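**Q** dropping a prediction and its sequence here:
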Amino acid sequence: MIEVKDLHKSYGKSGKINALNGISFNVNDGDIFGVIGPDGAGKSTLFRILASLIMPDSGTAIMNGYDVVKDYRKIRQIIGYMPGRFSLYQDLSVEENLKFFATLFDTTIEENYHLIKDIYQQIEPFKNRRAGALSGGMKQKLALSCALIHKPEILILDEPTTGVDPVSRKEFWDMLARLKEQGIIILVSTAYMDEASRCDRIALIREGELIASNTPQGIIDDYSDILWAVEGSRMSAILRELRKYEKIKTSFAFGDKIHITVDESLQIGELKQYLINRDFRDVGINPIEPTVEDCFIALTN
Ligand code: ADP
């Protein structure tokens, strides 16, 4: 398991940029644990510390019994790390990249082929292609194969689906679900709130602070506001009008709808009439279940 306790990390000469401000959480064996937050929340900093690439200013992280600072050599053997950006050698072929990572860890592709088979088979037809010439989705599969080839106990994936098309994103999460079956702990970060539901537990972070940590459903169950979705045409004009209404607590655009939280004294009919009076006649208003993104917004407001 993973035990992260009160991690602090700042950057800059005088430590002006507080990237992590006392982050703590635990990850259970066999879990897919999602670290979810917007750009700049501190996800990469956290994962770099867990991968023993940078040191925290204070706090501890113990992974399967090893301390990320004191036992960094052991940590590097038991983890597979897929950084957010560059991780492949662009001028090496698909197969050469994989061989290289296997050799680094004193193993061979054949020895652990069963672990990557499912993923690698999809890119094997292109094994002689330069990694730099692969599509985003294929690069991601190769990077995951490279991170897995030494049979890690813990997989650390930093925003693996950023910039990847929706179909490849779904395929990627399906692959993670199958890897979980092999007993590998998977730590994965994302800025896409809709990916939360693919995790067993999640930590929501923002500006280096942990806002909540629970199962995705647990986060949703803790939501206490009254939430409605508003739809119609001229949405930005409706949004402006909603923001003037004192019984509406928050309102924000959510895809092609507007999500609002309202005072408990407000009735849907009353709000509809308010909008009709302002010449918005084709408006639909319905109570809805919150998504993790609604919870994130409520928790950070
Ligand atoms: P995320 O991965 O969630 O986008 P990061 O961990 O990359 O967040 O960044 C957290 C904060 O730390 C941001 O304000 C970012 O600008 C800053 N930061 C990250 N890396 C460095 C660095 N090497 N030097 C200075 N500031 C950094």
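**A** That came in fine, so what should we check first? Numbers count the residues shown, from 1 in each chain.

**Q** what about the residue nearest to Glu289 when sequence neighbours are not counted, how many residues close to it?
**A** Excluding the flanking residues, the one nearest Glu289 by CB to CB, 6 or more residues apart in numbering is Ile220, at 7.2 Å. C-betas here are computed from N, CA, C, even on glycine. For Ile220, the count of nearby residues is 17 (other CB atoms under 10 Å).

**Q** just the buried residues of the helix or strand encompassing Ile220, please?
**A** Applying DSSP states H and E as the criterion places Ile220 in helix 216-221. Going by neighbour count (16 or more other CB atoms under 10 Å), the buried part of helix 216-221 is 216, 219-220.

**Q** repeat for stretch 62-71
**A** 62-63, 66, 68, 71.

**Q** rewinding a little: dump the buried residues of helix 216-221 to CSV, plus distance to Pro83.
**A** Shown next, in CSV, are the buried residues of helix 216-221 (distance: CB to CB, whole Å):
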residue, distance to Pro83
Pro216, 25
Ile219, 27
Ile220, 31
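
**Q** ok, back up a step: now the helix holding Ile220 - C-alpha only, CSV.
**A** Output of helix 216-221 as CSV, limited to C-alpha atoms (Å, rounded to 0.1, in the frame of the first residue of the first chain):
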residue,chain,number,x,y,z
PRO,A,216,-16.1,8.7,-6.4
GLN,A,217,-19.6,7.7,-5.1
GLY,A,218,-18.6,8.8,-1.6
ILE,A,219,-17.7,12.2,-2.9
ILE,A,220,-21.0,12.4,-4.7
ASP,A,221,-22.9,11.2,-1.6
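
**Q** past the helix or strand containing Phe252, which element shows up next along the chain?
**A** Per DSSP H and E: Phe252 is located in strand 248-254. Sequence-wise, the next helix or strand downstream of strand 248-254 (DSSP H and E) is strand 257-262.

**Q** could you point out the helix or strand that follows that following strand?
**A** Following strand 257-262 toward the C-terminus (DSSP H and E): helix 268-277.

**Q** chain center to the helix or strand following that next one, what's the gap?
**A** Later in the chain than helix 268-277, the nearest helix or strand by DSSP H and E is strand 284-287. Distance of strand 284-287 from its chain centroid, counting by CA atoms, centre = their mean, to the nearest Å, is 30 Å.

**Q** and the residue positioned nearest the centre of the chain, its phi and psi?
**A** Centroid-nearest residue in the chain: Thr190, 2.0 Å away (criterion: CA atoms, centre = their mean). Note on Thr190: its backbone torsions stand at phi -160, psi 150 [degrees, to the nearest 10].

**Q** quickly list what it is bridged to.
**A** Ile36 (DSSP bridges).

**Q** could you measure from it over to the ligand?
**A** As defined by CB to the nearest ligand atom, to the nearest Å, Thr190 lies at a distance of 10 Å from the ligand.

**Q** that residue: what's it in contact with?
**A** 34-36, 159-162, 196 (CB atoms under 8 Å, 6 or more residues apart in numbering).

**Q** same thing but at 7 Å, please
**A** Neighbouring residues of Thr190 by CB atoms under 7 Å, 6 or more residues apart in numbering: 34, 36, 159, 161.

**Q** let me know the closest of the residues you listed to the ligand.
**A** Taking CB to the nearest ligand atom as the measure, the ligand lies nearest Glu159 of these, at 6.9 Å.

**Q** that closest one in helix, strand or coil?
**A** Assigned with DSSP: H, G, I helix; E, B strand; the rest coil, Glu159 falls in the coil class.

**Q** what sits against the closest residue to it other than its chain neighbours?
**A** Residue nearest to Glu159 in three dimensions, not counting chain neighbours: Gly84, with 4.7 Å by CB to CB, 6+ apart. Counting by CB under 7 Å, 6+ apart, Gly84 touches 44, 158-159, 162.

**Q** one more: Ala147?
**A** 80-82, 155.
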